[in-house]
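> Here is my input, please return the structure:
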Amino acid sequence: MRDGEFFTSIGEGRTIALLLALKDAPAPLILKDLLPIMNHTQTLRSRIDRMQSEGLVNVDVILEAHKKVAVSLTDLGKEAALLFSMANLSVSPGKELKEKSLDLKHADPILRMLCGKEYVVQKDIIGMLHSYDTVIKVLSVMEKDGLVIKVDNRQGGWEIRYSLTPLGRQIADVFQAVHSKISRP
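Coordinates of the predicted model:
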């Protein structure tokens with residue numbers, strides 16, 4: 001299940017924060033203006049390049065006294081930013097986005113993996129993402145945000161199951177909708 005079509009820039013962490021910053025900006029932002037969100041220049045540039053390849057942003061090089069890279073949302077990026085903005089308002093109101101599970105690395109594939117299923121076993125989520133610590137952290141924050149319910153099942157062997165809450169299903173639907181638009185050929 002670990003293939004390029006399942007994983008997008010949305011699941012890499014801090015991408016939603018980038019989309020929301022671009023949505024709220026009155027004009028295209030210069031790449032350096034986005035550094036407070038993702039404070040490593042190469043990582044930021046790589047993320048912006050991936051978002052551009054997925055059709056979320058436009059990147060324009062401006063040659064003035066110094067070369068500048070301007071970033072703006074495409075129509076798809078504006079739609080995704082609007083959807084994520086509404087999702088952000090629904091999850092843990094009053095908390096900053098960086099304190100919520102929405103924009104954590106792997107939140108996107110975890111929510112989409114749970115979408116439409118009664119439950120998913122924790123070991124299957126870890127197996128898909130190959131990162132025990134990250135998965136446990138994201139699931140814990142999702143539980144605090146009211147997106148998932150954790151159930152210890154001791155019938156026929158011990159396993160930890162996760163299910164989406166009603167709010168979690170709404171948020172997972174947003175991630176699924178954005179993913180389906182990004183993944184279209």
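> Mind checking the pLDDT average for the longest helix anywhere in the chain?
For the chain, the helix with the greatest residue count under DSSP state H is helix 166-183. Averaging pLDDT along helix 166-183 gives 94.
> what are the ranges of the strands in the chain?
In the chain, the strands defined using DSSP state E lie at 29-30, 57-63, 67-73, 120-121, 148-153, 159-164.
> For residue 100, find the nearest of those strands.
Within the strands of the chain, the stretch nearest residue 100 is strand 148-153; the backing value is 13.1 Å (C-beta to C-beta). C-beta here means a position set from N, CA and C on the backbone, and glycine is covered the same way.
> Now do the closest one: everything it contacts.
114, 119, 139, 142-143, 158-165, 168 (C-beta atoms under 8 Å, 6 or more residues apart in numbering).
> low pLDDT regions in the protein?
Residues of the chain meeting the criterion pLDDT under 70: 1-5, 155-157, 184-185.
> who touches the residue of it positioned farthest from its centre in this structure?
Distance from the C-alpha centroid of the chain peaks at residue 65, with 35.7 Å (C-alpha atoms, centre = their mean). Residues in contact with residue 65 (C-beta under 8 Å, 6+ apart): none are found.
> That one and residue 33, how far apart?
Counting by C-beta to C-beta, to the nearest Å, the separation of residue 65 from residue 33 is 17 Å.
> same check, this time on residue 40
In terms of C-beta to C-beta, residue 40 sits 15 Å off from residue 33.
> Please identify which of those two sits among more neighbours.
The neighbour count for residue 40 versus residue 33, taken as other C-beta atoms under 10 Å, is higher for residue 33 (15 against 10).
> okay, the strands of the chain, which one's buried deepest?
Mean neighbours per residue, mean count of other C-beta atoms under 10 Å, is largest over the strands of the chain for strand 159-164, with a mean of 18.
> wait, residue 121 sits on residue 160?
Yes: using C-beta atoms under 8 Å, residue 121 is in contact with residue 160, at 7.0 Å.
> Include distance to residue 60 when you put the contacts of strand 148-153 into JSON lines, please.
Below are the contacts of strand 148-153 laid out as JSON lines (distance: C-beta to C-beta, whole Å):
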{"residue": "114", "distance to residue 60": "38"}
{"residue": "119", "distance to residue 60": "46"}
{"residue": "139", "distance to residue 60": "39"}
{"residue": "142", "distance to residue 60": "36"}
{"residue": "143", "distance to residue 60": "41"}
{"residue": "158", "distance to residue 60": "55"}
{"residue": "159", "distance to residue 60": "50"}
{"residue": "160", "distance to residue 60": "47"}
{"residue": "161", "distance to residue 60": "47"}
{"residue": "162", "distance to residue 60": "42"}
{"residue": "163", "distance to residue 60": "44"}
{"residue": "164", "distance to residue 60": "39"}
{"residue": "165", "distance to residue 60": "41"}
{"residue": "168", "distance to residue 60": "38"}
